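**Student:** Just the structure for this:
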Amino acid sequence: MKTVKEILKEHIQWRHQILKLAKADIIKTYSGAALGWAWALIKPTITILVFWFAFSVGLRKGSDISGYPFALWLMAGIVPWFYMSEMITGGAGAIRKYKYLVTKMKFPVSTIPTFVSLSKLAIHICLMVIVMIIFCLFGHFPDIYWLQIPIYMVLMVLFFIMWGLFASMLASMSKDFLNLVKSLTTAIFWMSGIMWDVNKIATPWIQTVLKFNPVTFIATGYRNAFIYKCWIWEDLYGLLYFAIVLVAMIAAAIWSYKKLIKEIPDVL
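**Tutor:** Residues are numbered from 1 along each chain as shown. Take a look at the predicted model:
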């Protein structure tokens, strides 16, 4: 509990700096490019178009799903993945990226993954607004199920802040861990139900194992709100599995912070 209080205290005391650094992280990410912030939208758009073309035109697997065009179904699940993939790798490398805050300034290490996450969240929110506009253009207007989107967003951000704290502490001690995380990102994408529906897997135990994946829970949750019109409590097992993994990640983040915080400045 002492470590938890310390982390919370640092976030409260440095809340203004966290917001300023989140803004600076966005600017730093896209500075030097002629199109600037436009790349935050161009890159996801190209990815979505490539997958849409591959599955709808190339493989001819892009039929309507629950009355929605495949392109909308794809967007509903892949847009949260853009945030999650950035946090899987960017969260793990957060402390190394901003090591000068640790070695040259007396800055609370626990807040570094937080402002990195907030910078990615700002871009995610912009993309979600565009997705909502596209749904409206296709004739699918906001309904009561859309109110769940902020809930899934908060759960997603909370989990990946904890992941960022846990992974960045380990990555600071060993760059091999960071390389391992980067090498696994593609595997996580294809095994997380971004491009297919995990609920359609015929083998029950495989479906259960996959539902322990938080990426699967979040992507499915966004689609439940946009496409399938399901409430978060209708999938009690999925919610329970996510809660278990979230608690485990919080425990792991606190453990890694407590064990490694004193060694990181010397290692970096």
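**Student:** so what does the helix or strand containing Tyr83 touch, helix or strand wise?
**Tutor:** Assessed by DSSP states H and E, Tyr83 sits inside helix 70-92. When contacts are defined as 3 or more C-beta pairs under 8 Å, 6 or more residues apart in numbering; DSSP states H and E, helix 70-92 sits against helix 39-52, helix 112-137, helix 149-173, helix 175-190, helix 214-223. Yep, even glycine has a C-beta here, placed from its N, CA and C like the rest.
**Student:** Distance from the chain centre to the second one, please.
**Tutor:** Yep, that's helix 112-137 we're talking about. Helix 112-137 sits 10 Å away from the centroid of its parent chain (C-alpha atoms, centre = their mean, to the nearest Å).
**Student:** most packed of the helices and strands packed on helix 70-92?
**Tutor:** Across the helices and strands packed on helix 70-92, averaging neighbours per residue (mean count of other C-beta atoms under 10 Å) puts helix 214-223 on top, at a mean of 25.
**Student:** picking up where we left off before, closest one to Ser66 among the helices and strands packed on helix 70-92?
**Tutor:** Nearest of the helices and strands packed on helix 70-92 to Ser66, taken as C-beta to C-beta: helix 214-223 at 9.2 Å.
**Student:** Quick check: mean pLDDT of the closest one?
**Tutor:** For helix 214-223, mean pLDDT is 94.
**Student:** which residues are contacting it?
**Tutor:** 73, 76-81, 84, 148-149, 152, 155-156, 159, 188, 192-194, 197-199, 210-211, 232, 235, 238-239, 241-242, 245-246, 249 (C-beta atoms under 8 Å, 6 or more residues apart in numbering).
**Student:** List the buried residues for the next helix or strand after the helix holding Tyr83?
**Tutor:** Using DSSP H and E, the helix or strand that follows helix 70-92 in sequence is helix 94-97. For helix 94-97, the neighbour count (16 or more other C-beta atoms under 10 Å) marks 94-97 as buried.
**Student:** Helix 94-97 packs against which elements?
**Tutor:** Checking 3+ C-beta pairs under 8 Å, 6+ apart, helix 94-97 ends up next to helix 112-137, helix 149-173.
**Student:** That one: what's the following helix or strand?
**Tutor:** helix 99-103.
**Student:** pLDDT averaged over that following helix - what is it?
**Tutor:** Rounded mean pLDDT across helix 99-103 is 86.
**Student:** which other residues reach it?
**Tutor:** Under C-beta under 8 Å, 6+ apart, the answer for helix 99-103 is 95, 107, 109, 112, 172, 264-265, 268.
**Student:** which pair in those spans the largest distance?
**Tutor:** Phe107 and Ser172, at 13.9 Å, using C-beta to C-beta across the contacts of helix 99-103.
**Student:** contacting residues for Gly77?
**Tutor:** Contacts of Gly77 (C-beta under 8 Å, 6+ apart): 193-195, 219-220, 222-223.
**Student:** Nice, that's everything, thank you.
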